[in-house]
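> Sequence and predicted structure, then a few things I'm wondering about:
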Amino acid sequence: MKHLSKILLLAVLVIFASCQNESTEDQALEERQAELRFDNDGNVVSDGELDKELFFNETSEEMNNNVLMNVGMSNLNSSGAAVEQVYTVIDADRAPYGDQQPTSNFWWSETPDGTDYFDGSTYFAAADGENLVFTEYTNGTASLIGTTISGTCVVDLNVWFKDKKTWDEWSAIGGGHKKEGTAGDASNSADMNFYVIDHTKSTMTANGGDCVQEGTFGLTQRPDPNDPNTPNFGAHIGPGGANYDSNVGALGLSTWGWMIDPVSCDPLWLMDFNFRLEIAPDECDDCIGDVTDLTLNWDWHNDYRVRVYQRYENTWCATKIFDSVVGANENFTINGANADGSFGNYVYIYVGNCYYTKIKTNCWLNIGPGYRRGVVEVVSGHSSGGGELCEYEPPHYWCWWW
């Protein structure tokens, strides 16, 4: 019995030692990767994990700038522009007419001259938990996407804005600022930015018995910004921008338009938008699909030329996606060059003229900010199916015996 007990104790010690050894090896790997190491010839020492099948041809040193190069696919609008800011739409309380008009974000008049302005059934508001989303992009465009409801009438909005301008730029071309309502009267023109509704891209689809008419309609700016005989108010956004709201100084937007026949472009009904805006909280998700872009930090005290490659369209042929001298603690961004905007399985990082390390980018590893390979650390990134990447959580090692 004593002999059996000794054997069991020895087995436990072996398992424990094995676990400790695994943990020690992982820690040693991290320590080795914590700094750049060089051989006797001054070349950087690699992680030893370069794929032997990867090969370079005459085109590998040409920069591969995919049309989706500036940002991950999940962070693009239909024109390929990057998201600048995302806002949650908050229904305005219609002050000073809050006792006559309901809290809302959209007005759809049922009369040619808007005489139903104080008819509560003409005002639409967000469904519970389904706020509209207003997004600004870096190319001076914006979008308003989502659903708004009045009774049984449900309107799906896909509204686009273009030609963003400051007040100085807007007023220089004859644009005006339509100040009305509680918040609007107290607002400052210099604080506003201005857009124009893009009628070539905007649609509104109405369904339900309470709708004036069901179907899909276009949308155009009112008054016509190209008519010299009418004022040009466009769409303004800024502090106090939700004209008819009691929250003076709160970020908001107001604009006016015509719902139009999508074929003839004939005007059908008057409409306007009036709502507050709140900056949407940043959201992230696990790596899903493939990584489409990464911002990396060069965590080293000297400048070095850094080149990054990926496998061209998932073949074994290398194609270059980044080549620049990177400074101490400097961030740099790489973007997927495949047709779908992704990197494929890996990106390969070269320092000087030598391979240094590679990063798995096919989401088999739940990569995210905080993930490191040597002196290269992920700061941010996106995946094709999950959007913005969440913080990286290293795997935990467990030992089991029974």
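The structure has been received and is ready for your questions. Numbers count the residues shown, from 1 in each chain.
> Going along the chain, name the helices of the chain.
Secondary structure of the chain, counting by DSSP state H: helices at 2-33, 167-172, 181-185.
> what's the least confident stretch among those?
Across the helices of the chain, helix 2-33 has the smallest mean pLDDT, namely a mean of 45.
> With adjacent residues omitted, what lies nearest to D299?
V375 (4.7 Å; Cβ to Cβ, 6 or more residues apart in numbering). All C-beta spots, glycine's among them, are computed from the backbone N, C-alpha and C.
> Run a quick check on that neighbour versus L296, I expect a contact.
No. Between V375 and L296 there is no contact under Cβ atoms under 8 Å: 10.0 Å.
> Same drill for the two, tell me which one is more crowded.
L296 (27 against 22; other Cβ atoms under 10 Å).
> Next, find the distance separating that one from E62.
Separation of L296 from E62 (Cβ to Cβ, to the nearest Å): 22 Å.
> For V155, name its beta-bridge partners.
Going by DSSP bridges, V155 is paired in beta bridges with T148, A206.
> number of nearby residues for it?
21.
> next one: N314
Each residue near N314 was counted by other Cβ under 10 Å, and the total is 15.
> okay, now S324: neighbour count?
Neighbours of S324 using other Cβ under 10 Å come to 11.
> again, but for D128
Neighbours of D128 using other Cβ under 10 Å come to 7.
> Look up how far E49 lies from G238.
52 Å.
> And the two? Which one has more around it.
Between G238 and E49, counted using other Cβ under 10 Å, G238 has the larger neighbour count: 21 against 11.
> Just give the nearest non-adjacent residue to the more buried one, would you?
M192 (4.0 Å).
> okay but that neighbour is in contact with D168, surely?
No. Counting by Cβ under 8 Å, M192 sits too far from D168 to count as a contact (10.6 Å).
> which of the two has more neighbours?
Comparing M192 with D168 by neighbour count (other Cβ under 10 Å), the higher total belongs to M192, at 23 against 9.
> what sits against the more buried one?
Residues in contact with M192 (Cβ atoms under 8 Å, 6 or more residues apart in numbering) are 167, 170, 177, 236-238, 241.
> one more time with 6 Å, if that's ok
167, 236, 238 (Cβ atoms under 6 Å, 6 or more residues apart in numbering).
> Could you do N297 as well?
Residues near N297 by Cβ under 6 Å, 6+ apart: 331, 377, 379.
> Among those, find me the one that's closest to T115.
V379 (56.1 Å; Cβ to Cβ).
> Neighbours of the closest one, how many?
15.
> Pretty sure it sits against D293.
No. Here V379 does not reach D293: they are 11.1 Å apart, not a contact under Cβ atoms under 6 Å.
> Touching, R276 and G249? I think so.
No. Under the criterion of Cβ under 6 Å, R276 makes no contact with G249, lying 10.6 Å away.
> Show me the strands in the stretch 251-400 of the chain, by range?
251-260, 267-279, 291-298, 304-311, 318-326, 330-335, 346-351, 354-360, 372-373, 376-383, 387-388 (DSSP state E, counting those that start in this stretch).
> which residues of the protein score low on pLDDT?
1-34, 66-81, 396-402 (pLDDT under 70).
> Could you give the number of residues near W160?
When neighbours are defined as other Cβ under 10 Å, W160 has 22 of them.
> N329 too?
N329: 10 neighbours (other Cβ under 10 Å).
> Next up, the contacts around it.
Counted by Cβ under 6 Å, 6+ apart, N329 has zero contacts.
> mind pulling up the phi and psi values for it?
According to degrees, to the nearest 10, the main-chain angles of N329 amount to phi 60, psi 30.
> One more: N40?
With angles defined as degrees, to the nearest 10, N40 sits at phi -70, psi -20.
> Once you drop chain neighbours, what's closest to D245?
A92 (4.0 Å).
> who does the one you found bridge with?
S104.
> still on that earlier bit, and the contacts of M192, which is closest to T111?
Nearest to T111 among the contacts of M192 is H236, at 25.5 Å by Cβ to Cβ.
> follow-up on the earlier one: distance of the residue nearest to D299 relative to T148?
Distance from V375 to T148, by Cβ to Cβ: 50 Å.
> Endpoint to endpoint, stretch 204-216 covers what distance?
The first residue of stretch 204-216 is 6 Å away from its last residue (Cα to Cα, to the nearest Å).
> now what about that stretch, what contacts it?
Contact with stretch 204-216 is made by 110, 151-157, 203, 217, 219, as judged by Cβ under 6 Å, 6+ apart.
> ok, now with 10 Å
If you take Cβ atoms under 10 Å, 6 or more residues apart in numbering as the criterion, stretch 204-216 is touched by 106, 108-111, 121-122, 124, 147-159, 203, 217-219, 257, 259-262, 268-269, 271.
> Any of those residues buried? List them.
Applying 16 or more other Cβ atoms under 10 Å to those, the neighbour count classes 106, 108-109, 122, 124, 148-150, 153-155, 157, 159, 217-219, 257, 259-260, 262, 268-269, 271 as buried.
> Distance check, N302 against D323.
N302 is 18 Å from D323, by Cβ to Cβ.
> Name all residues that make contact with I359.
Contacts for I359 (Cβ under 10 Å, 6+ apart) come out as 291, 294, 296, 308, 310, 334, 343, 346-349, 365, 367, 371-373, 376, 378, 381.
> Lovely, talk soon.
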